[in-house]
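Student: no sequence on this one, just coordinates:
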């Protein structure tokens with residue numbers, strides 16, 4: 001079983017994307033990007049909050065026109081992890097960090113007429129739940145609609161969640 005420190009997760013996802021024939025900053029195949037993300041999402045991450053029943057590790061699927069993406073049509077695959085607060089005296093607090101792969105699409109009107117802007121959150125507890133959640137996300141109609149379209153650009157980031 002592969003274990004990766006959460007701080008190295010961006011580099012791991014970039015490596016997996018390359019194994020799937022995709023350059024992290026120039027994704028050309030939505031399905032290949034999803035396959036890479038699904039593989040990455042099932043990798044065990046260390047250094048995160050381990051409290052029982054916490055939402056310390058999960059993924060978020062977003063689509064639509066987001067203000068933080070300049071209202072460009074996009075779909076993002078995000079893994080969110082909660083890590084112990086690094087500020088010292090707040091031992092029971094966590095910080096949320098996100099490894100986000102954003103795919104941008106041509107402005108064809110699809111995102112305004114066929115796909116409402118929305119977000120789906122998944123915080124599975126074990127391997128079986130991870131596999132079920134990834135399958136559910138992949139079968140979701142907005143994903144299926146966008147999966148057939150080639151992105152025109154992409155970005156890959158690791159950032160603290162606001």
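Tutor: Good, I have the coordinates. Worth saying up front: this structure is predicted, and the values here are computed from it rather than measured. Numbers count the residues shown, from 1 in each chain.
Student: Do I have it right that residue 159 meets residue 100?
Tutor: Yes - Residue 159 is within contact range of residue 100, at 7.1 Å (criterion: CB atoms under 8 Å). All C-beta spots, glycine's among them, are computed from the backbone N, C-alpha and C.
Student: Among these two, which residue is more densely surrounded?
Tutor: residue 100 (20 against 12; other CB atoms under 10 Å).
Student: show me the contacts for that one.
Tutor: By CB atoms under 8 Å, 6 or more residues apart in numbering, residue 100 lies in contact with 76, 77, 78, 79, 155, 156, 157, 158, 159.
Student: Kindly report the same for residue 4.
Tutor: For residue 4, the contacting residues are 12, 43, 44, 45, 46, by CB under 8 Å, 6+ apart.
Student: Let me know how buried the first one is, in neighbour terms.
Tutor: When you say that, I think you mean residue 12. Counted with other CB under 10 Å, residues neighbouring residue 12 total 18.
Student: Where does it fall, secondary structure wise?
Tutor: Assigned by DSSP states H and E, residue 12 belongs to helix 9-19.
Student: Just want the most central residue of the chain.
Tutor: Nearest to the mean C-alpha position of the chain, by CA atoms, centre = their mean, lies residue 78 at 1.8 Å.
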